[in-house]
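A.B. asks: pasting the sequence and the predicted coordinates here, then a few questions.
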Amino acid sequence: MSARLDVKKTYKLYIGGDFPRSESGRSYVVNDAKGRFLANASQASRKDARDAVRAARTAFPGWSGKTAYNRGQVVYRIAEVLESRRDQFEAELRSSEGVTAAKARDFVSAAIDRLVFYAGWADKIAQVTGGANPVAGPYFNHSAPEPSGVVAVVAPKGPLLGLVSVVAPVITTGNTCVVIASEPHPLTSITLAEVMATSDLPGGVVNVLTGSVAEIAPWLASHLDVNGLDLTGVTDADLARTLEESAAENLKRVRRPGLEDLLAAPPLDRMTKFLETKTVWHPMGL
Amino acid sequence: MTMAKKSTAFEYAPAPESRSIVDIKPSYGLFIDGEFVDGRGKSFKTISPSTEEVLAEIAEGDAADVDLAVKAARRAYTRVWSKMSGAERGKYLFRIARIIQERAREFAVLESIDNGKPIKETRDVDVPTVAAHFFYYAGWADKLGYAGYGEDPQPLGVAGQVIPWNFPLLMLAWKIAPALACGNTVVLKPAETTPLTALLFAEVCQQADLPPGVVNILTGAGETGRAIVSHPDVNKVAFTGSTDVGRAIAKAVAGSDKRVTLELGGKAANIVYDDAPVDQAVEGIVNGIFFNQGHVCCAGSRLLVQESIAEEVLAKLKRRMKTLRVGDPLDKNTDIGAINSAEQLAKIRELSEIGEAEGAERWAPKCDLPSTGFWFPPTIFTGVSQAHRIAREEIFGPVLSVLTFRTPKEAVEKANNTPFGLSAGIWTEKGSLILWTASQLRAGVVWSNTFNRFDPASPFGGYKESGYGREGGRHGLEAYLR
């Protein structure tokens, strides 16, 4: 009896809740930590980036319009589904990045816990960053945070914890995003997209592109329907500068790259950088 | 100078505020390291926009001056200001607030002369709000650990600040008060056409015994501003002005460690629903677009009025506009003063002509304008479509574009159909409609059943291409702390 041939998965992009191939028809080879062939990942193009922005924009009113409690529940649901598939993620991290079993376990645990952390933030952030303003007149005056809109994110190394650490804070507060996954290790990010696709997260809230950061990021940085740009995963200082320059065209909110220990407690500005403060006035009187 | 009136109405007698309280010197140098120093040769004239008389010769700071000022600010930061306790820093700011109150009349008259805005606005809005702003941030200086930016937040260092001509002293206060409260030192450039109150503020710093170098005032034009923004030893850039310059600044600081806040242009929608209290709404529309000659980034320059009441609102608006008094800024009865500069007047004229050429209907009350100075009558355009340039571009003058809508959803869609997102207005008696509309508007400040209210405790700033960061309130501290 011959051994059964396993069924390999095609790794595609995640746009608008679907898993399309790159419209460019391109792919690139992804090897495991020992240099053996793992899969052909989709190599996203300018058109894919634009499609992803459109999907994110379409999803924005619905997602930002949900109650904070509801968004928190959805983010928590991602954590639940991830936990239920943790064996798969540990195995993928060990094979793709060559990390030890213990390390893989730590990364998966940290990714799950980070999602839970942000799930709890959804209905707290407005009270922490907003409030009543005691103006010198007979007015009710109140400030509250609102999401900036569509945020383009360049994820750092670490296809699971890296991507979760930059995406979760952005979407928890009501933004939608287009994220470029870690270029050398994109596969686990696409597996994570499968988790998101089955976690009550509306299609288009998170869109995952795989491919060349140097090729795709400039299109997102200059896209006029993108409101924010998180450069966490950009390691080339020249590229980071050019991207920030392009982002200036429509005054995108830019989070510059910088060294950050992803296992440590995340800074608040992961959320606040992509929040606007809205202040509403109303007179008081009889 | 005043509007045509029915012969039965009482005429206003002139009620000019005296100029004698201000002492304008023939020339001014730069304020660096606690002292006025001569410029290096280049200078420019500041004129009164209402009479075109030359008020003073002003030094133009060059790159070397900027370098001196930044060095002075750095020294003051390292040796004095960053080491001082918050409580002591706060006491300096309280002192400044008090001196501004003591010299309020002088500031009000000087601002009115140099800027062209009516004395009743400088006296009742600009200067009191300036004093309040310093008083507000003075109190934060020793309480920064409670502000929500960490237990022991630190200042950034030297702040380079560039401000516009529409609220010269008020914008100075918005920039300097939070910067100093947080322990930063500043190099500030007032606008080319309105340097005088900033230079008078330098005197206030001297009277308050503020340590030299904590505040440096460099007069000049675009080049001076560019030199400040791009100086390598500036840690923080704060700018209020046009979106185009804001873009250029965002590009210039890309890839650096400089922190930036930008408060830029706007094209605010002022939405009037069919159940609005019409008389109050008309006052709000007038205040929204004609306050400060419409030289207001958050001006309600697009009136969105529900179709069913458009005729009534327009009739009442026109009737009210006929009573607006345009003329001498120092006259206490003046509602609308002079346009700030010949350049700005040309821009307002050009866009208004484009409005007519594109098919909108122009209306202004009969209005005798003074023969010297820069003037533009309060003007409205009806029949404006969303594609018209007067509905899309910031005119920054007393020109209102009127559009109509049928449903709240249409109002919101039209209101948000702009790259800007600074402010908006809502007029209705229905509370739930106010809150729904406010939640849908992509704008940083929403005035409901009021307009153009400002307060030091209230965060101000935009969405989208109106810039980023907030000024005012606890939120205003974030820009100056790490």
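C.D. replies: Now that the structure is in, tell me what you want to look at.

A.B. asks: got the contact list for stretch A:157-167?
C.D. replies: With Cβ atoms under 8 Å, 6 or more residues apart in numbering or on different chains as the contact definition, stretch A:157-167 has outside contacts at A:89, A:92-93, A:96-97, A:107-108, A:110-111, A:114-115, A:153, A:155-156, A:177, A:179, A:181-182, A:184-189, A:192, A:206, A:208, A:230, A:232-233, A:262-263, A:266, A:270. The C-beta positions use only the backbone N, C-alpha and C, and glycine is treated the same way.

A.B. asks: mind checking which of those are buried?
C.D. replies: A:89, A:92-93, A:96-97, A:107-108, A:110-111, A:114-115, A:153, A:155-156, A:177, A:179, A:181-182, A:185-189, A:192, A:206, A:208, A:230, A:232-233, A:262, A:266, A:270 (16 or more other Cβ atoms under 10 Å in any protein chain shown).

A.B. asks: quick check: closest non-adjacent residue to whichever residue of the stretch 251-400 of chain B sits closest to chain A.
C.D. replies: Closest residue of the stretch 251-400 of chain B to chain A, Cβ to the nearest Cβ: residue B:255 (2.9 Å). Nearest non-adjacent residue to residue B:255, counting by Cβ to Cβ, 6 or more residues apart in numbering or on different chains: residue A:241, 2.9 Å away.

A.B. asks: can you confirm the one you found is in a helix?
C.D. replies: Yes: secondary structure of residue A:241 (DSSP: H, G, I helix; E, B strand; the rest coil): part of a helix.

A.B. asks: on that earlier part again, in helices only, show me the contacts of stretch A:157-167.
C.D. replies: Among the contacts of stretch A:157-167, the members found in helices (DSSP state H) are A:89, A:92-93, A:96-97, A:107-108, A:110-111, A:114-115, A:187-189, A:192, A:270.

A.B. asks: which one of those residues is nearest chain B?
C.D. replies: Nearest to chain B out of the ones in helices among the contacts of stretch A:157-167 is residue A:270 (Cβ to the nearest Cβ; 14.6 Å).

A.B. asks: what pLDDT does residue B:169 get?
C.D. replies: pLDDT, residue B:169: 98.

A.B. asks: likewise residue A:257?
C.D. replies: Note for residue A:257: predicted pLDDT of 95.

A.B. asks: for residue A:225, same thing?
C.D. replies: Residue A:225 carries a pLDDT score of 98 in this model.

A.B. asks: check which helix or strand it maps to.
C.D. replies: Under DSSP states H and E, no helix or strand contains residue A:225.

A.B. asks: quick one on the thing from earlier: distance check, the residue nearest to residue B:255 against residue A:248.
C.D. replies: The spacing between residue A:241 and residue A:248, counted by Cβ to Cβ, to the nearest Å, is 11 Å.

A.B. asks: and residue B:226, that one's in a helix?
C.D. replies: Yes: assessed by three-state DSSP, residue B:226 belongs to a helix.

A.B. asks: apart from its neighbours in sequence, what residue is nearest it?
C.D. replies: residue B:252 (7.6 Å).

A.B. asks: now do the contacts for the one you found.
C.D. replies: Counting by Cβ under 8 Å, 6+ apart, residue B:252 makes contact with B:226, B:229-230.

A.B. asks: same deal with residue A:67?
C.D. replies: residue A:123.

A.B. asks: how far away is it from chain B?
C.D. replies: 12 Å (Cβ to the nearest Cβ, to the nearest Å).

A.B. asks: hang on, the earlier thing: next, count neighbours for the residue nearest to residue B:255.
C.D. replies: 17 (other Cβ atoms under 10 Å in any protein chain shown).

A.B. asks: is it true that it touches residue B:257?
C.D. replies: No: using Cβ atoms under 8 Å, residue A:241 and residue B:257 do not qualify as a contacting pair, with a distance of 11.8 Å.

A.B. asks: please identify the helix or strand for residue 55.
C.D. replies: Since no chain was named, I'll use chain A. Judged by DSSP H and E, residue A:55 forms part of helix A:46-65.

A.B. asks: I was after chain B.
C.D. replies: Using DSSP H and E, residue B:55 falls in strand B:54-59.

A.B. asks: elements contacting that strand?
C.D. replies: Where contact means 3 or more Cβ pairs under 8 Å, 6 or more residues apart in numbering or on different chains; DSSP states H and E, strand B:54-59 is packed against strand B:27-28, strand B:43-47.

A.B. asks: among the ones you listed, which is nearest chain A?
C.D. replies: Once the helices and strands packed on strand B:54-59 are compared by Cβ to the nearest Cβ, strand B:43-47 is nearest, at 28.9 Å.

A.B. asks: pLDDT on that closest one, on average?
C.D. replies: On average, strand B:43-47 scores 97.

A.B. asks: quick check: residues of the stretch 101-250 of chain A near chain B?
C.D. replies: By the rule Cβ under 8 Å from any Cβ of the partner chain, the part of the stretch 101-250 of chain A lying against chain B is A:128-129, A:131, A:133-137, A:139, A:141, A:143, A:148-149, A:227, A:237-238, A:240-242, A:244-245, A:247-250.

A.B. asks: now which of those would you call buried?
C.D. replies: The neighbour count (16+ other Cβ under 10 Å) marks A:129, A:131, A:133, A:135, A:139, A:141, A:143, A:148-149, A:227, A:240-242, A:244-245, A:247-248, A:250 as buried among those.

A.B. asks: quick one on the thing from earlier: neighbouring contacts of the helix holding residue A:55?
C.D. replies: Residues from elsewhere that reach helix A:46-65, judged by Cβ under 8 Å, 6+ apart: A:13, A:15-17, A:20, A:22-24, A:42, A:44, A:71, A:146-147, A:149-150, A:152, A:171, A:174-178, A:202-205, A:207, A:209, A:211, A:215-216, A:219-220, A:223, A:225-226.

A.B. asks: now do that helix, average pLDDT.
C.D. replies: The average of the pLDDT scores along helix A:46-65 is 98.

A.B. asks: got any ranges where chain B has weak pLDDT?
C.D. replies: Filtered on pLDDT under 70, chain B yields the residue ranges B:1-9.

A.B. asks: domain boundaries for it, per the record?
C.D. replies: Domains of chain B are assigned by automatic domain parsing as B:27-264+B:465-480, B:269-455.

A.B. asks: can I get those in TSV with distance to residue A:67?
C.D. replies: TSV is the format used below for these (distance: least, Cβ to Cβ, whole Å):
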stretch	distance to residue A:67
domain B:27-264+B:465-480	24
domain B:269-455	12
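
A.B. asks: determine which of these approaches residue A:78 most closely.
C.D. replies: Evaluated over these, closeness to residue A:78 peaks at domain B:269-455, with 26.0 Å, by Cβ to Cβ.

A.B. asks: that closest one close to chain A?
C.D. replies: Yes: Domain B:269-455 reaches chain A (Cβ under 8 Å from any Cβ) through B:419, B:421, B:434, B:438, B:443-450, B:453, B:455.
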